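> Here's my sequence, what's the structure:
(4 chains)
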Amino acid sequence: MGKAQKMVQWDPHNIKEKLLEIYPPKVARKRAKQIMINEALENTTPEIVANVRTIPGIITMRGCTYAGCKGVIMGPASDIINLVHGPIGCSFYAWLTRRNQTDGINEGNENYIPYCMSTDMQDSDIIFGGEKKLEAAIQEAYDIFHPKAIAVFATCPVGLIGDDIHQVAKTMKEKFGDCNVFAFSCEGYKGVSQSAGHHIANNQVFTHVVGDSKEEKTDKYKINLLGEYNIGGDGFEIDRIFDKCGITNISTFSGNSTYDKFASANQADLSAVMCHRSINYVADMLETKYGIPWIKVNFIGAGATAKSLRKIAQYFGEQELIDRVEKVIAEEMPLVDASIKDIFPRTTGKTAMIFVGGSRAHHYQELFNEMGMKTISAGYEFGHRDDYEGRAVIPSLKVDADSRNIEEIHVEADPELYKPRKSPEEIAALEKDGLAFKAYEGLNPDMDSDTVIVDDLNQYEAEKLVELMKPDLFCAGIKEKYSIQKLGVPMKQLHSYDSGGPYAGFKGAVNFYQEIDRLVNSKVFSYLKAPWQEQPELSATYVWE
Amino acid sequence: MGKAQKMVQWDPHNIKEKLLEIYPPKVARKRAKQIMINEALENTTPEIVANVRTIPGIITMRGCTYAGCKGVIMGPASDIINLVHGPIGCSFYAWLTRRNQTDGINEGNENYIPYCMSTDMQDSDIIFGGEKKLEAAIQEAYDIFHPKAIAVFATCPVGLIGDDIHQVAKTMKEKFGDCNVFAFSCEGYKGVSQSAGHHIANNQVFTHVVGDSKEEKTDKYKINLLGEYNIGGDGFEIDRIFDKCGITNISTFSGNSTYDKFASANQADLSAVMCHRSINYVADMLETKYGIPWIKVNFIGAGATAKSLRKIAQYFGEQELIDRVEKVIAEEMPLVDASIKDIFPRTTGKTAMIFVGGSRAHHYQELFNEMGMKTISAGYEFGHRDDYEGRAVIPSLKVDADSRNIEEIHVEADPELYKPRKSPEEIAALEKDGLAFKAYEGLNPDMDSDTVIVDDLNQYEAEKLVELMKPDLFCAGIKEKYSIQKLGVPMKQLHSYDSGGPYAGFKGAVNFYQEIDRLVNSKVFSYLKAPWQEQPELSATYVWE
Amino acid sequence: MLLRHTPKEITERKALMINPAKTCQPIGAMYAALGIKGCLPHSHGSQGCCAYHRSTLTRHYKEPISAATSSFTEGASVFGGQANLVQAIDNIFTVYNPEVIAVHTTCLSETIGDDLPQIFDKAKKDKKVPEGKTLLGAPTPSYVGSHVTGFSNMVKAMAALAQPGEHKNGKINIIPGWVEPSDMEEIKRLADLVGAKTTMFPDTSGVLNGPMTGEYKMFPEGGTPIAEIKDSGNATGTLALGEWCSADAARLLDTKCKVPCSILDMPFGLQATDRFIDALRTIAGTSVPEEISVERGKLVDMITDMHQYVYGKKVALVGDPDQVIAMTEFLVSIDMCPVHIITGTPGKKFEKRIKELTKDMDCEVNVKAKGDMFLLHQWIKNEPVDLLIGNTYCKYIARDEDVPFVRWGFPILDRQGHQHFPTVCYKGGLRLLEQMLGVLLDRKDRDDEESKFELVL
Amino acid sequence: MLLRHTPKEITERKALMINPAKTCQPIGAMYAALGIKGCLPHSHGSQGCCAYHRSTLTRHYKEPISAATSSFTEGASVFGGQANLVQAIDNIFTVYNPEVIAVHTTCLSETIGDDLPQIFDKAKKDKKVPEGKTLLGAPTPSYVGSHVTGFSNMVKAMAALAQPGEHKNGKINIIPGWVEPSDMEEIKRLADLVGAKTTMFPDTSGVLNGPMTGEYKMFPEGGTPIAEIKDSGNATGTLALGEWCSADAARLLDTKCKVPCSILDMPFGLQATDRFIDALRTIAGTSVPEEISVERGKLVDMITDMHQYVYGKKVALVGDPDQVIAMTEFLVSIDMCPVHIITGTPGKKFEKRIKELTKDMDCEVNVKAKGDMFLLHQWIKNEPVDLLIGNTYCKYIARDEDVPFVRWGFPILDRQGHQHFPTVCYKGGLRLLEQMLGVLLDRKDRDDEESKFELVL
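From the prediction side, this is the model:
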C-alpha cells in the first residue's frame, strides 16, 4: 500500500478543520484546544490542552483511575495479592490482560499475577456496606496464600457507600503482623483518565512500602528504573543490558516488581525515569525524602538506549563504568545496524501515527526515525501538558476540579534515611557537562513542524485522520486496532504490543524493526478487493483454453 | 435395542431360503452348500462346503493371498524388512493397517514395521521384467538399514511376467553374507482367500528361518505359540500369563515375532496351536522334523485360558508347574468374576453373530458364553471344512484346482535336530488322561442346534441375516462395520478390534466384557429417529408455557 | 506451574472470589445491544467500564466494538449523571448518527440512583433525540447476577419496545440467547429451512464476524432492525432459548403483548436441537425438510462411529448456565461423564437441573452455581479429568494439570473460529464432537507407548 | 522414536520406495465411481485389490463402501478374466441392482491384456445388462502414475459417455477433482450462489458423508445422475479443477463434443478461489452476490488479524499434486514458507509449478514429484519446520520430530471432520487457517516459559 500513500499531501490547518466540522459547537470549541498543529508562532510555542475531561458520548480510548492504579501500576507486582473490593467486573477485566511479565519466582518470590481476587460485591453489600465482607475476604486470602502483602483496590461504588477500606486494611495488617495490608482509593470516577490512578498507586506504594526493607543493598551503581512496566519483556531486556554494564537495578516501578524491590527503592543512588507521566512525582519524592537525584532516560530505540546508558555512566562518573558501558554499546550495535541495513530500504519514507499512553507516543518516534519512517501525527491518551510541552510549563498548570481530587502527598527529608547522593557542587558540575537533572522537554519539540498533535484522540477523529493523511501504519490500543485495519491500514498495538516484544533496548529495537517491516510491507493488506470487485463489468467474455 | 429383539423368533430353514432366493440359480446352488443349519441329521452330521472360490461380482469379505502372507503372517515380524515387489498399492495398503504390535525393540531388535517398502513397479518393469529393479531395491534397503533379513513378496504381475524372485533373493543373500534374503510367491490371484497366503508364508519361514538360530534356549517348559498374531496386544497378555506361570514362550507364529524367535522354534518342547486354520501344518512339520508334539489351545475367554494353561501343565507333567498354573489361575480369576458379575445382568440373553477369520468366529463364542450371550449365526471368512467339522474330515477333503497350486512341503525327521519330546508311551499315557494331541473338533459342535452357519458370508447375506434375525451385536471386519451399523446394530471388529484390545487371556477377557457391554447397552443407538420422524403428523398444536 | 499457589485442599470461602467464572452485567448488555441494527451501545458510568467491555469483546471477536460512555467524573457521581447522559445522547446522534442508542447502567449510576426513563424524557424534551431515532435502556447493576443477567436485561429492554397490535404478523419470535454470531446465523438458516417465518433478536451475525473490505462501517449490515423488534408484539409466539438469557424477555412479551412463549434449552447437542426444531415445525405447522434430518443423521453417525473414544471420559465443564446445561445434556447423551460443573452465575435452579441431567450417570458429580475457577481447579486436583471445556482462562488449569482442553464459551481470547463456525444445532454438534475427539485423540497419540501407537482410530 | 531407523543423511535411491506418498490407480477409480448416482464400482482383478480399496476408503470416511470384484483365480489369470467379469456383471445386476457398474482394471487384468470394451460387448450380447443400465470402464494399470491417475482415468471414462447434441443445455460442467464430499457440496453451493447452472461430476456428497438413520442404502441419494453426465456434452463449457485430476476428462469433452474447457487450480485458499469464482461468473454472465464477497472478506479478515502468527513459519507439505499446488499458493500468499514439498505422483510439471509459486519466497525450497515420505522426513531432519501438513501417515514424523501437524489430504484414518467440513473456497480457507493457527498456538502455549505465557493471542 505504502507506495500510493507516500504521495499524499495535506495542509494541517485543513485537517484540523475537517476533524472539527462534525461536532456540536461546544464540543468543537473544546476539541480545538486539544488538536494542535506543530508550528512556530511569533515568539511563542503553541499550547495544547491536556488532562481534561473526556466529553460524554465521544468514543474515547481512555480507561479509568482503577485501571491506572490496579491495572498499570500494581498489576506487575508479582508477590503482592491484589484484592479488588467491588462488583466482579473490575477485577475480571484486569485479569491477565496487561501482559505483566515476571520472573520473580526465580528468586523464590510468589507469583499471584495469574490470580484474580475480588469481594464480588452483591446488592446487599451496597445497601448495608461492604467492610465486613472485605475483612473476611482479606482473611480468606491470608489463610489460603499467606502472602507478604495484600493490596486492596476500591471500585466505583465503594467510595459512594463509604466503606473505609484504609481502616479495614490497617486493622488486618495489625491482626496478621507478618503481612502488609494497604488500600487504594482508586474509584473509577476519579480524575479524567488512568493518569489519576497511576498517581494514587504510586503515592500508596511510596507511603506503605518504600523504605520497608531490612536488608541492605551493597552492589555498585545502584539505580531505580521508574516508569517501566515490562510489557512484552521490555524490562527483561533493559535489565540484561544493565547487568552487562554492571549497573544494579534495585527497583523498577513497577515492571517485574516485587514487594522487596519496592521496599528497597530508597537505597538507590539514582532514579532513571522512563515514563515521565506516570512517575515523575515519585522521582521527586525519592529525592526529597531520601536524597536520590533523577534523570530522564529512554530505552526505546537503540540510539536512545545508548544515550541513556551514557547518561547513567556520566552520573556515577567512574571511568570503569564509563568504559564498560561503551564496550557494551560497541558489542550490541552491530546486530542493530545489520538489522537496520536489512529493513531500511523497505521502511524508509513510510509514515506512522502514534496515539498511546503518556510517553510511548513520544518514545516510539525514536524507533521509527531509526527506520526512516516519519511520524505525521501523534498524541497522548492520558498525558498532561508537560508531557507535550516539557516540564517548563508545570508552574503554569492550573489545578482543576478533577485533579484537585487526586491526593498530593507532601514528603520531607527522612530524619534517618535522607542522604544526598551528590553535593550541590557535584550536581552543578554534572549539569555543566550537559547532564540534565529533572528535565523533560516533552513530545512537541521532537516532532516535525506541520505535524498534527492530538490529545485524547477519539474514534471519529482517528478514522478521519487515517482517511485524510493515509499513514502506512497506525499505533494505538486494542479498542482501536480493528476499526483502523478495516480501512486497510496495518495497526500496531503499543500498549500490549499485540503479544509481541520486547521492543526496548538493543534486541528490542531489532524486534521492532522486523515487526514493523512485516506490517508495512506484507502483501496481505493488498487482498481487500476481489477480482469481480475490481472488474465488475459483466460484458467480459471468458477465454477458454 | 436388545429388549425388542430378544423376542425375535426364526426358522433356520426359512432363513436359508430367504438368503438364497435372490440369487441366479447357479449361484444359489453354490451358496446353498455353504449355508448350513446346525442340526442333527439321521446318523450323520451336516456337511459344509468351505475354502472354495468366491463368486465373481458377489461382494465378499475376503482378501487375497498376498494379504494373508505379507499382511497376516509376515507383517508382525519386527526386525525382518518386508520388501514388496510390485506396483505401489499392495505395499501401501498393508502399511500399518494390521495393528502388528511389537516390543522387539526392548530386546534390542530393529523395528521395521512402521516402514513401507516397495519396488514401485512401473510399466517398463512389466514389459522388460523387474528382476534388476528388485535386486537394486534389496541392495538399497541393505545399505540403508543393514537388517538381519529381508523378505521379498510377489504381487500379481510378478508371477505373470515371470520374475524369478527366489533366484534374486538367493543371489543377494550370498552377496551379503550377513543378511538372510528369502522370497514369497504370494501373488494375489493364488488360492481362494488369505488362507493360501498363510500357507505360503509359513512354508517359507519354516524352510528359510526355523532352525537357523545358533544360541541354545535353556529355560524350562519351552513352548511355541502357533497362530497368535498379537492384535491389540493379545500376545502381550498371553506372554504375561506364561511368564507368571514359568512357561517359556520361545516363538510365537507370528505375533510380536523376531527373526531369532522364528529361528529358535525348533528348540521348543511343545507347540500350542491357537489359530488352527493358519498354522496346523506348521505344527505338523515341527513334529515331523524336530519331534515337537502339538496340542490345540485357546486363550480367548477366561475359562478357555485356564483350560489351555492346564493342558500345557499337564503335558509337561511336573507338579511344580501344575501348582504354579493353579496359583496363577486363582490369582487372576477374581478380577474376571467381579467383571462378569458387573456386566452379566446387562449382557445376558443378548445375541451375537460372528463372521471372521479361520478361528475367531469359533474362539470368541467362549467370551460371549461367559457373558450369557448367544451366538445365533457364525462362519469363517477363509476357513476350511476341518475348521467347521473338525480334523476328522481332513482325510476326506478333496484337493481342487485352487488348493493344488499352493505348495505343500514335505519334511522328514532332521538328522541332527530331530528329538522326540515324549516317548510313544508317554504320549499314550497323556492321551489316556484326556490330553488330546493334534486334535480340533471345529466350530460346529460348539454351536447350538438350529443356529445358522455360513461360510464366506457376503454383503447381501449379512444384511439379510441382520434384518431377519436382529442380533444385538454383529462381529466382522472393517468393510462390514458401517453397513451393519447403519441398520442400527452395533458392530464389533474382530480383525482389528476397532483399535481396542487385548481380549485374550484374563485381562483381555475383562476388556472384552466391558467393550461388549458398552456396545450392546449404549443409548447412542437409540437416537436414530428424530421426533418429527416418530410423530410426523402436522396436526399437533403446540403447547405454550 | 502457572497457578502454583492453588492448594489441593478445599477450604470454604464466604467472601473471597478467586478466578471468577463470570463478569458483570454491563458487558452482557453491550453484547446484546450490538445485535440491534444501527445501534450504538452506551455505558452510563465512568469511562473505564466501557473501555473494559470494548476491549474484552474486541479480543474475543478480533473486530471493532463501538460503544460510548457517559464518562462520569467525581462531580457527576455526586450530583447524578443526567447532564452527562443528555450531553452524550446529543453528541452521539450528531457525530455517529446511529438509529438506536441502547443505554445500560453500571454499579456507579445504579448506586447513585440515576433513572434512565426520566433522563430519556429530559433528552427528548431538550430535542436531543432526532425524529425516528430510538433510545432504549436497561438497568444492569454490576452487583447483581452476572454478565448473563445483563444480557437478559438488555434483551428484556428490547422486548419492552414491542407494541401489541390488532393483527398477528404470523411470525415466531426467536430469542437466541448469548450465542455467537455464527450460532445466530445457523439458527436462522435452520428456521428458514423449516419454513418458519421468524423474528430473531438480538442478532449479532454480520455485526461481529464482519469481512475485511477496506471500509470501516461503525454500523454494519447485520443486526435486528428496530422495526422488527417493535413488531415482535404481534408474533404468534416466542421461543426463548435459555432460561437465564432469554426467558425474561419472552415472558414480558407474553404479559405485555399476549404473545405466548415457551422456554427451551439452548440448542447445543442432539436432544436440545431436536426439541428446538420440533417446536419450530409444530408452531409453524410445516414439515421438517429432509435436509435437516440428514444433518441430524450425520451427527448421530459421528456419535455412533466414534462412541468408543468418548465413552466414560470424565469432563470438567465451566461456562454460563444455559450453555452448560445444554452441553451437560449433550455430554451425558454420548456417554461422557461431566463430573465437575461450574457456572459463575448465581441460581440454585442451575444445580437442580444439572443434577437431574446427570442422575443416571454412575459417577459423583460436583456442581456449583456462583462458583469460580479456583474451586474447579481444586476439584480437578482432587479428581482428575480427561477433558476440560471452558473459556480461554481455563488454559492455565489445562497446562498445569496437563488436561486436554476445548475452548468453548466466553471469552475466547486466544484462538479463532468461534465467530465463524457454529456450535449450535446439528452442524454445531458435529463441530463440538470433532473438537473433543481432536484433543482426546491428540492426547492418545502423544501418550501411547510406541508398541501401542495406532495408525487407524 | 517410531521411525527410529530413518537416517538424517540422504542417499539417492533408484529402485526402492520407502513410505510412499501415493498408492495405485484403482482406488482413485473406485472413489470417482462412487460419485455417480446408483453406481457400483467394480474391480477387475483378484479380490485382494477390492478388499484393500474398500478398507482404506472405509477407514477414511467411516462409511460403508460397496464395490465388487472379479475374484480372479490362477486360472483366470492365465486364460483371461472375461468369464469372471461377465458372470460378475450378471450377478451384480441381479443381486444389487445398481443403475451403473463402473469397472476399473488392475495390474493383473492389464498385464494379461483384458479388453473391457470387448468384454462389455460380450456381456451385452449375453443379455447380462438389463435395459437402461449403464456399464462404463476405465483402464487403471497400477504400475502407471498413482491413485490420482486412476481417479482421472475414471472421470475421463465418465466424460466418454457424453454425447454431443444439437443444442447446448446452457450449463457449465464442473469437474471438481479428488476433493472431499464436503468440498463438492461447497463448490455446488457457491456455483448456485453465483447463479451458474452447472453439472458437476463426480459428486460424492451425500454418498460418503451419509447420515445414520437405521436404514442401510447401498446406493444413497447422492452422486451425479448418469443422464446428467451424458448431457455434459451439450454444456457451454467445462471448468476442470486441477490439472492432474480433471484435465483429461475436460479435454476429452472438448475434442469429442466441442465443449470448450479451462483448467483451473483447485480452489484452496484465497487466490485460487478468486479465480474459480471469477471464471464462473464470467462464463455464467452473472454478478457475484454480496454473500460470497462477504465470505471472502471474512477470510481476508482472519488472514490480516492473525498474520503475525503465521508469518515466516516454515512448512513441510505432502499430498497430491493439484491439492499441494493450491495449498502452496495459499501458504505463500499468507507469508508462510513451504520449504519441503512432496507429491508421490510423477510429473515434472509439478516441480516447475511449485518453483514458480515459491520463487519470491526468501528461503530454499525442496520439491519432488514421485517422492516419498522417507525423503520428506530426512529433509525435515536436515531443516526442521514449524508445521507439517499431510495425510495421517505424517503423524509418525510429527511425533518423532515433535512438529505441529495438520491432517489434510488422503487418507485421513484417525480423525473426523474432513467428510463434513470443507477446506475448499473461502469457508474452507477459514477452516484451514483455523486449524493451522490452532496447532501453532497450541505449540506456543505448550512451550512458552511461564514468564512469557500469554492469555491473549
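
> And whichever residue of chain A sits closest to chain D, which helix or strand is it part of?
Going by CB to the nearest CB, chain D is nearest to A:Trp544 of chain A, at 3.7 Å. (C-beta placed from N, C-alpha, C; glycine too.) Assigning secondary structure by DSSP states H and E places A:Trp544 outside every helix and strand.

> go on, A:Ala378?
Per DSSP H and E: A:Ala378 is located in strand A:374-379.

> quick revisit: got phi/psi on the residue of chain A closest to chain D?
Here the main-chain torsion angles of A:Trp544 (degrees, to the nearest 10) amount to phi -80, psi 170.

> now A:Lys296
phi -80, psi 130.

> For the residue nearest the centre of chain A, give me its contacts.
By CA atoms, centre = their mean, chain A has its centre lying nearest to A:Gly357, at 5.2 Å. Residues near A:Gly357 by CB atoms under 8 Å, 6 or more residues apart in numbering or on different chains: A:Cys275, A:Arg277, A:Tyr380, A:Glu381, A:Phe382, A:Gly383, A:Leu494, A:His495.

> ok, longest helix in chain A?
In chain A, with assignment by DSSP state H, the single longest helix is helix A:319-347.

> is that one anywhere near chain D?
No - on the criterion CB under 8 Å from any CB of the partner chain, helix A:319-347 is out of touch with chain D, staying 10.9 Å away.

> now that helix, how far from the chain's geometric center?
In terms of CA atoms, centre = their mean, to the nearest Å, the centre of helix A:319-347 is found 25 Å from the chain centre.

> buried stuff in it?
Within helix A:319-347, the residues scored as buried using 16 or more other CB atoms under 10 Å in any protein chain shown are A:321-322, A:324-325, A:328-329, A:332-333, A:336, A:339-340, A:343, A:346-347.

> ok, for the residue of chain A closest to chain D, nearest residue in space, not its chain neighbours?
Of all residues not flanking A:Trp544 in the chain, D:Pro260 sits nearest, at 3.7 Å (CB to CB, 6 or more residues apart in numbering or on different chains).

> Kindly list the main-chain dihedrals of the one you found?
Backbone geometry at D:Pro260, expressed as degrees, to the nearest 10, gives phi -70, psi 150.

> what number of residues lie near it?
16 (other CB atoms under 10 Å in any protein chain shown).

> so is the residue nearest to the centre of chain A in a helix, a strand, or just coil?
Classification of A:Gly357 using DSSP: H, G, I helix; E, B strand; the rest coil returns coil.

> mind checking how far it is from A:Glu480?
Applying CB to CB, to the nearest Å, the value for A:Gly357 to A:Glu480 is 13 Å.

> how about stretch C:128-136: buried residues?
Within stretch C:128-136, the residues scored as buried using 16+ other CB under 10 Å are C:Lys128, C:Val129, C:Lys133, C:Thr134, C:Leu135, C:Leu136.

> Correction: the previous question concerned stretch C:39-57.
C:39-57.

> Strands - which of those land there?
C:Cys39, C:Leu40, C:Pro41, C:His42, C:Ser43 (DSSP state E).

> What is the burial count for the closest residue to the second one other than its chain neighbours?
Put plainly, it is C:Leu40. Leaving out its chain neighbours, the residue that sits closest to C:Leu40 by CB to CB, 6+ apart is C:Pro98, at 4.1 Å. Residues lying near C:Pro98 (other CB under 10 Å) number 22.

> Over to C:Gly214?
When counting by other CB under 10 Å, one arrives at 18 neighbours for C:Gly214.

> quick one: it and chain D, what's the gap?
From C:Gly214 across to chain D, the span is 9 Å (CB to the nearest CB, to the nearest Å).

> ok but C:Thr304 is inside a helix, no?
Yes - assessed by three-state DSSP, C:Thr304 belongs to a helix.

> show me where the stretch 1-150 of chain A has strands.
Using DSSP state E, counting those that start in this stretch, the strands of the stretch 1-150 of chain A run over A:35-37, A:80-85, A:117-118, A:149-154.
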